[in-house]
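Asks: One predicted model, sequence on top.
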Amino acid sequence: MSSFTAKPSDGSAWVTGASSGIGKALVLDLAGEGFTVYATARSEDALAELERQSDGLKGQIVAAAGDVTDAEIMAGIAGRIDADGNGLALAVFNAGIYLPVHGETLKVADFDKSFSVNLSGVVNGLVPAIERMKARGRGQLAIVSSVTGYGGMPTSAAYGATKAALINMAESLKFDLDKIGVRIQVINPGFVDTPATADNAFAMPALLQPEEAARRIARGLKSGSFEITFPRRFTYVLKALQFLPYPAYFWLMNAATGWKKRPLETD
């Protein structure tokens, strides 16, 4: 089992989806700890502002603009990080989108885009990161999934499918990565107040602000846990629901969200 926990002295950190929400808050937290953090997002203006916010922090933030759906660009960023300083020690793959889908008005494009960003976008960074870490014999990876990956929820057919795939992928890779000194974790937050959740059509219990979510992730990265999940009073309940028979699960989910009483979408 790999127990490597990255410290600023071990090398640089890399965070995708860094222009807003959890990613932005996490970049600032890691830079505050002393890391040189390469921040990746599509918006160069947002990243430039993030760089300016690192003034006075122990570490620094370096803009590394790019689209996670472009494998060549992501490989180039991983190579740049490795060449710039002490190598890539920590990578947090956080970029993602939430596109609500309704069974009565399905669109192929919503699934294609969700899979491209949330799933392939992680793979595009994960592969070159592992190549760099394998060469050094150590590294730490974290994949931001979601509790929606535990089981089906209303409007989450595309988003939840990608997050379930990320959980399975992290679990599967752990067997091999442990043997080469690379530690992998999966991050399953509950509901966080970000642009991705702004359009949710149901109540979001235990809603956290991005800054609090980032603090909990930063703590979890230093822990020995494979899964980082919070707030546990909520996420553990969702995990436990998966042990119920399907009729009970669907009844409870309908009751909790009031979904059965909602009118059909008309597009």
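Replies: Arrived safely, thanks for sending. Numbering: from 1, shown residues only.
Asks: C-alpha only now, for contacts and for neighbours.
Replies: Noted.
Asks: Name the nearest residue to Leu57, ignoring sequence neighbours.
Replies: Spatial nearest neighbour of Leu57, chain neighbours left out: Gly32 (5.0 Å); criterion: Cα to Cα, 6 or more residues apart in numbering.
Asks: contacting residues for the one you found?
Replies: 54, 57-59 (Cα atoms under 8 Å, 6 or more residues apart in numbering).
Asks: where does the helix or strand it falls within sit relative to the chain's centre, distance-wise?
Replies: Taking DSSP states H and E as the definition, Gly32 sits inside helix 21-33. Its chain's C-alpha centre and that of helix 21-33 lie 13 Å apart, by Cα atoms, centre = their mean, to the nearest Å.
Asks: What's the first helix or strand after it?
Replies: Going down the chain from helix 21-33, the next helix or strand is strand 36-40, by DSSP H and E.
Asks: And the contacts of the next helix or strand after that following strand?
Replies: Downstream of strand 36-40, the first helix or strand assigned by DSSP H and E is helix 44-52. With contact meaning Cα under 8 Å, 6+ apart, helix 44-52 is reached by 18-19, 24, 39-41, 60-65.
Asks: Just the buried residues from the contacts of Gly32, in ChimeraX please.
Replies: Filtering these down to the buried ones (16 or more other Cα atoms under 10 Å) takes a single ChimeraX command:
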select :54,57,59
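Asks: buried residues in the helix holding Gly32?
Replies: Those buried within helix 21-33 under the rule 16+ other Cα under 10 Å are 21-33.
Asks: and that helix with strand 36-40, angle?
Replies: 160 degrees (axes from the mean of the first three to the mean of the last three Cα atoms, to 10 degrees).
Asks: tell me the average confidence for helix 21-33?
Replies: Mean pLDDT, helix 21-33: 96.
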